[in-house]
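Enquirer: Turn this into a structure:
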Amino acid sequence: GNFVIAQPIGVVDGVDYQHTGKPRRIDAEAIRQRLDDRAIVVLTPIGYSVTGEAFNISSHEVAAATAVALGADKLIGMLEGEGVQDAEGRVPTQLTPREAEHLLRSGHDFGHDVERHLSAAIEACQGGVPRAHLVSRRHDGALLRELFTRDGMGTMVTSETFEGVRPAGRADVGGILALIEPLEEQGV
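Expert: Take a look at the predicted model:
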């Protein structure tokens, strides 16, 4: 099916991008119907305009726009190389969209693949997808480790902080007392 409706990029900074486009709309209802019929939906990086012209679209943009349109729980990107790395060469386990944008603008050369995946993860999270996972293809079992272990194997971009320290508030007092009660009873 024609699930991706495209629009041309047009002329940017004096360069005519001709048949290069970007997603205008994803036909989420048609995709859901195919999935409900137990069909596998394959999306290509080609979209058609409302006038029937074909445009090349970044597969990363198609993935992010589709995740947003479907209201997906996660977007998963499989990266070439070692994945997202900070200036010290470490793979951050978790980033907010704002931190990810800052990392992209830091001037560090991530390589084209990582930059596009990270941009798609930011776009998806800002569009309402709770989490985007970016995992290196180089390591056996990396996807399973990322999804099913506490520390993961790649970088998760999320608007919700899963780990972090914050000041306790009044609403936390009951939980804190419940945590320390067994220790008090033991005399610890």
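
Enquirer: Give me the neighbour count for I122.
Expert: 22 (other C-beta atoms under 10 Å). For every residue, glycine as well, the C-beta is placed using N, CA and C.

Enquirer: looking at this, it is in a strand?
Expert: No. Assigned with DSSP: H, G, I helix; E, B strand; the rest coil, I122 falls outside any strand and is helix.

Enquirer: Tell me the pLDDT of it.
Expert: On pLDDT, I122 comes in at 95.

Enquirer: ok, it - contacts?
Expert: 97, 100-101, 104, 132, 157 (C-beta atoms under 8 Å, 6 or more residues apart in numbering).

Enquirer: repeat for M156
Expert: By C-beta under 8 Å, 6+ apart, the neighbours of M156 are 93-95, 131-134, 146, 162.

Enquirer: For it, name its beta-bridge partners.
Expert: Beta-bridge pairing of M156 under DSSP bridges involves Q94, H133.

Enquirer: For L95, see how far away it is.
Expert: 7 Å (C-beta to C-beta, to the nearest Å).

Enquirer: Same question for L118.
Expert: 9 Å.

Enquirer: can you check L79 too?
Expert: From L79 across to L95, the span is 14 Å (C-beta to C-beta).

Enquirer: and if you look at V114?
Expert: Note on V114: its distance to L95, by C-beta to C-beta, is 13 Å.

Enquirer: Show me the common contact partners of those two, please.
Expert: Contacts common to V114 and L95, judged by C-beta under 8 Å, 6+ apart, are V84.

Enquirer: For the contacts of M156, pick the one with the most neighbours.
Expert: A132 (28 neighbours).

Enquirer: what's near enough to touch it?
Expert: Per C-beta under 8 Å, 6+ apart, neighbours of A132: 67, 74-77, 120-122, 124-125, 156-158.

Enquirer: ok, of the residues you listed, which come out buried?
Expert: 67, 75-77, 120-122, 124-125, 156-158 (16 or more other C-beta atoms under 10 Å).
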